[in-house]
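A.B. asks: got a predicted model here, sequence first, then my questions.
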Amino acid sequence: MNTSLSITENIQDWLLTIMPASAASITAMALIAVAYLTFFALAGLFLVLMERKVAARFQLRLGPNRVGYYGLLQTLADALKLVSKELTGTVKADKFLYNLAPYFVIITALMGLAVIPFSGSIQAFDINIGIFFLIAISSVGVIGILLAGWGSNNKFAMIGAMRSGVQTISYELSVGLSLLTMILLTGSLQLSEIVAIQKDGWLIVQGHIPALIAFMIYMIAGTAETNRAPFDLVEAESELGAGFHTEYSGMKFAYFFLAEFINMFIIAAIAVTIFFGAWLSPFGITDSLPWLGVFWFLGKTLVIVFLMMWFRWTFPRLRIDQLLTLEWKYLLPLNLMNIVLMALIVWLNLTIQF
Amino acid sequence: MDILSLFVLIPVLVIIALVFTKGLHQARLVAMAGSLVQLGMAINLLFAYIKESAVNENVFVFTRDIVWFEQLNIHYNIGVDGISVALILLTAIVVLAGVFISWKTYDLPKEFFISLLVLATGVYGFFISIDLFTMFLFYEVAVIPMYLLIGIWGSGPKEYSAMKLTLMLMGASALLMVGILGIYFNSNADGGALTFNILEISKVNIPVEAQKLFFPLTFIGFAVLGALFPFHTWSPDGHASAPTAVSMLHAGVLMKLGGYGVFRIAMFLLPEGAMEWSWFFISLSATGVIYGAFAAIRQTDLKYINAYSSVSHLGMVLFALLMLNKTAWNGAILQSLSHGFMTALFFALIGMIYSRTHTRDITKLGGLLKVIPFISVIYVIAGLASLGLPGFSGFVAEMNIFVGAFQHEAMFYRVATIISVSAIVVTAVYILRVVGIMLMGPVKNEEFLKLPQATWYETTGIMLLLIPMVGIGIAPYWLSEMILKSLQPFIQGLL
Amino acid sequence: MELSSFFLMRHELLLLILTLLLVTAEILIPNHKKSSVVHLALFLFGIHTALGFLSLEESSLFGGMFRTNDLIHFFKNVLNIGVFILLLQSADWLEEKIVAQSRGTEFFILMFFSLLGMYFMISAGDFLMFYIGLELSTLPVAALVAYDLMNRRSSEGGIKLILSASLASGISLFGISMLYATTGSIYFDEVLKVITTTNLSVIGFVLFFAGLAFKISLVPFHFWTADVYEGAPISVASYLSVISKGAAAFILMILLFTVLKPLMEVWENLIYVIALATMFVGNLFALRQQNMKRFLAFSSIAQAGFILLGLITGTQLGTATVVYFVLIYIFSNLAAFGVVQAISLKTGKENMDDYNGLYKTNPRLSLVILLALFSLAGIPPVAGFFGKFFLFTAAASEGYYFLVFLAVVNVTISLYYYLLVVRAMFLRQSEDPVPAFSNKLYMRLGLAITVIGILVLGLYSPLYDYIFTLSGVFN
Amino acid sequence: MESEALIVFFLAGVALVAGANFISNLISHKSDNPQKREPYESGMPTIGPTWVQFKVGYYLYAILFLIFDVEIAFLVPWAVVFKDLGTVAFIEIIIFLVILGLGLAYAWRKGALKWQ
Amino acid sequence: MIPGISITEILTVTSILFFIGVYGFITRTNLISILISVELILNASVINFVVINKYLYPDMLQGVVYSIFIIAVAAAETALAIAIIFNLYKQTSSVEVKETETMKY
């Protein structure tokens, strides 16, 4: 197992002592899978809670505060409620596609999570084309949404899915291009290498102006990628009921909900990895304590996530034409120019070196 | 500019001049003037040739060799011998006569004369070429205007006839082209360069196998134009549908290209192939001779009669050529000339009769001798020449052919010759039948009594053709001598 | 790499700049002034064509991906001239029908991109460049075929073209991958050194050949041709039939004569069969066509069969005759399409019956098409005769007498249907003939150049000798 | 092996959804009536088929996306090696982007980016 | 390189893919299906190139580079084909071959 989870190595050694090699590696993988699934579920639950709390604070409310200490168990209770609800669906639906859709969104979210470098040692899948893989896998997610919309055979769902499709593919360009801008600086697609380059300074500092522009574009596009407000006209409640997942209930609805929050987390995590040095501490203050990296990483990520939540309550929802205008007429040309600017800076060695 | 290239250049210039004319009057004047100049040139050429050949040992005189496509060794290579000179003269006369006969072409006159002259250009070019490529080129130039000439100005099932004629002749050129290419790619058999030059190829010993392969291709390729028996079907239809002048040119001149090509290319360059295959083609041509004659008896349409008679007569040309001896060849050339004048005259007369009576069906005609005596008398004269009466060109030609043919001892040749000779009798039958029905007897239609006499241009046309015909008949000697001298290299090559 | 070596790509760079200029023009010029784009494009392309004749040295670029020599250079010029004439002929159509919908510039842009693809295809030094060129030359044409948005047939032609083009290029690619498997390289030079006749390479070659056979519309990959031509605007059909086919024939020749020469024993037989099939199918189907575009489509299929006769040789003579034939073919076919276009533009008539009595009303046009058809049929003294004769000479030089014979038989068949048009124009009368009209300057110029070409190209022998000398590069 | 990790995550995803569905089916309360099986459209019965032709604008963006996304595929290798190549890479990518930018500008001018 | 899977197996798969594509192209009656069949053929070639490069000639990247270009071109092809199909659909309200075809021999 090439995955450099240091915990695993210990466990693997231990496993090897009690069973044959092949069984050991399968067990190890199963353990990893369980670990990530746990994290997946916990992160989802936590982010939902966080969202509600943040929203409440913005609106001068308290937010959930009954279930558990300060309402900490609220989302867990919600989850349990969802599990126990009946899985309904319409007779008119295309059953196969309807049921297939959740798999798409969940699997892509999970795979996206696999390449995130939580710390120097906690990264399940350090592929050499990491960023490319992320871009690729995130575009598969949209298929799940389209399938959901199509398979439901419901007009709201269909319109929501189409909107989602056009929105996601549009903003995917900006996500890709802004990440590409940063690749010019790193010269590598491997996430661990990208992190290594930031040892002496975060890329957003190294690349100064173009990197800043790239970050802003990335944040806008990333928010739109995840269909979050102010780009949430996919599921604009006031227009479309619940959008593409109108016809999903109970657990099936929960998948989309969960995947959305995990995607938000992934977007934030990538932003942290590419722009803010991932698990590296600022100015190397905790270099001597590598295990702190995870916390640095999660901390930074949550800051970005908070930023995205902040957006939600700051900007009004866009109309679809505004949304597309923003992408195609502003972000995309800006992005292309930004790439040239970055190339110029790298070419002339104008980056900030430490 | 040498004397021969003018034969290509002048018609082209006349064509260009014709493009700028307006109306019938201008067009026919320009065409007549151009044709007159050509006739003058042809006569000039004749005398120049006689003068030149007296001092020049070469068979081909006035040669000129301009490199054209250097890489393929294609040359613009021209020269004439006695045979070509005689045929050029024939062409010039028939073209001029044709212009006169077409004096009253009201429909698209300019285009008519242009096409006629394009045809003439092709024929002249063919006769002066001694390069296979240019020869083939001019051959096709001569064939294509026929389509328009028959198609536009013809009568009856003209579209069908024109298409049939064009396609059969072009189909023949498929064989011809393969033959020519075969000769070309074997012309380096003795180690020289590949060449299209007839004179040079004739000196090369082309492998016998190749000769056997390419001779029938080349032979049939040309002989279709010369109305070889199973491939003659285009000829009656084409002639019947064509306008008068075109029939004249076609039967009188164009079909001679076939015989000339057979002689100059197939037999001259592939002598061993010729010997190998002669029995086969003799059978075909003998069949053609007798078949044409018998078919002519059955016809009632004047043009068909004449067309089948052409098949018969030209069959005789091919027959004579295949006899492979000097006398027969001489006869073949003379027959070509004689038939050229004679059949042109026939078609001219038929045209005149048709334009007056509006029918070519001999059963509807009768007693024309009383109504239009001049035309009728000329018709009789032409008929007599056709059946080979002494004193006319036909006699001289056929005499030579059969004398030559009988020189062969072998049974096969004898039988073939006897069959062919019997065609003369049949010829007499159909000629006299036409004369009897059409010219003698009562006038079958009241309106025919008021037919107008021949006009000046018709008379001119007739006289142009009649004089040489009689001339050859009365004084064949100088012509024979000129031809015999030119036959020398063929004899060396073949015998 | 020296920047100055980019000048070896002069044709490509110039055309690219030109096209980008047009794109910029399309973006900047307001809609009501769009008609000026036609003149601008013609002017620019005229300059480009003229500049193409400057001499160019023989070399290769990008490590052998791009190569150029005198023959390639010559052929690019030929294509330039062809396209220039085509544009002259299309200018009126564009001005009258297309500019009004403000879609005039795209016509030029797409056509130039396609031409650019052909340049790359011809200059390709490896299969990658070749493939990109092939696609770049095909895809814009599909858009051009579907140019007439209101016409259902146009869209249908477009989809037929692009689907069959994709299929062909897919098959071709699969073949290339097999060739790559056997040789280990996609560079022509290296492939030439390594390739031998093995099962895999032969299968690869045959599949690869299919892609190009499609482009030249050889039987059995000709099915799209007639439909696409009929659906397409005439300029585009003309482009497909003339420029596209010419370029494809040329690249096929380059590939066969240089890269795949070691497989000669394979492709000789292949081409022998395909040449026969193409000639016969093209000619026999042409016999029954009434629509002039379909008619010319099948005629051009048959012409492609004739081109194969020169390809079968693999010699310098073969090269020279193919180039020469294609050059003549470009002029002849452009003339024919030009007249069809002129008539279609004025009257909307495209059927052969509509041409009845054309000579009476429009003598000049009918003479032009007469010359063009005679040239296509190979009647002397117009250029087509020389082209055909030399092609047959080339085939005969390798001993393919029987093939030549069948080819000439096909010439006769083709003459029959060419004469059908002649018959309609000259022999027939019509109740409702095409009214007499006069063309605008551009069309006249376009037709005049083709007529001059048809008359002069054959008789002017130094041209052939020049081509022959150029053709030495492959041997 | 890397690819194995990918498979693990894939299977984990499948297991998550399938397992949760299973549990949900097991413990949930079930009831059925015809209204429940109708598509939800704010209480109105649905009118006409849902799977109809959508506005062409959506597809237009899909086509545009296709083009620009593939262009990213070309930019990625370039970006990775840009530092090593320097000048030539810079000039070439300028050409590439200019053409691309022209394409975008063209689409803009033609109104392909306008949502109607 | 994937251990345990030899090049023959992959090439067999691509060949099958290729022939499925060809078969689909010939038998399908829906324009979109035909387009998908074409894409199958292209994908078969892409895989071929990558695999041949990786297994047989790993020292040069020719096959891989080639495959990137094939993908790009395939995208352009699809974009154009879809655009034309839309236009056809607008006029005929169908993407079935037999309903769109008007031109025949």
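C.D. replies: Alright, I've got the coordinates. Note that the structure is a prediction, hence the values are computed from the model and not measured.

A.B. asks: which strand or helix spans B:Thr63?
C.D. replies: Applying DSSP states H and E as the criterion places B:Thr63 in strand B:61-69.

A.B. asks: kindly report the same for C:His39.
C.D. replies: helix C:36-51.

A.B. asks: what packs against that helix?
C.D. replies: helix C:10-28, helix C:70-93, helix C:104-123 (3 or more Cβ pairs under 8 Å, 6 or more residues apart in numbering or on different chains; DSSP states H and E). Where you see a C-beta, it was placed from the backbone N, CA and C, and this is true even at glycine.

A.B. asks: tell me the confidence at residue 88?
C.D. replies: Since no chain was named, I'll use chain A. pLDDT, A:Thr88: 77.

A.B. asks: hm, I was asking about chain E
C.D. replies: With respect to pLDDT, E:Leu88 has a value of 84.

A.B. asks: how far away is it from chain B?
C.D. replies: The gap separating E:Leu88 from chain B is 41 Å, by Cβ to the nearest Cβ, to the nearest Å.

A.B. asks: count the neighbours of that residue for me.
C.D. replies: Using other Cβ atoms under 10 Å in any protein chain shown, E:Leu88 has 22 other residues around it.

A.B. asks: that one belongs to a strand?
C.D. replies: No. Counting by DSSP: H, G, I helix; E, B strand; the rest coil, E:Leu88 is not found in a strand; it is helix.

A.B. asks: pretty sure it is touching E:Val95, no?
C.D. replies: Yes. Contact status for E:Leu88 versus E:Val95: in contact at 7.3 Å, counting by Cβ atoms under 8 Å.

A.B. asks: element containing whichever residue of chain D sits closest to chain B, please.
C.D. replies: Of all residues in chain D, the one sitting closest to chain B is D:Ile95 (42.7 Å; Cβ to the nearest Cβ). Using DSSP H and E, D:Ile95 maps to helix D:87-109.

A.B. asks: of all residues in chain A, which one is closest to chain C?
C.D. replies: Proximity of chain A to chain C (Cβ to the nearest Cβ) peaks at A:Pro333, 13.1 Å away.

A.B. asks: quick one: pLDDT of that residue?
C.D. replies: Confidence score, pLDDT, at A:Pro333: 91.

A.B. asks: is it in a helix, a strand, or coil?
C.D. replies: helix.

A.B. asks: so what's it up against?
C.D. replies: A:Pro333 makes contact with D:101, D:104 under the criterion Cβ atoms under 8 Å, 6 or more residues apart in numbering or on different chains.

A.B. asks: one more: D:Gly101?
C.D. replies: D:Gly101 makes contacts with A:333, A:336, as judged by Cβ under 8 Å, 6+ apart.

A.B. asks: which stretches in the stretch 1-150 of chain B count as strands?
C.D. replies: B:61-69, B:74-80 (DSSP state E, counting those that start in this stretch).

A.B. asks: and D:Ser31, how many neighbours?
C.D. replies: Look at D:Ser31: counted by other Cβ under 10 Å, it has 7 neighbours.

A.B. asks: A:Thr27 now?
C.D. replies: Neighbours around A:Thr27, by other Cβ under 10 Å: 16.

A.B. asks: surely it meets A:Met19?
C.D. replies: Yes. Using Cβ under 8 Å as the test, A:Thr27 is close enough to A:Met19 to be in contact (7.1 Å).
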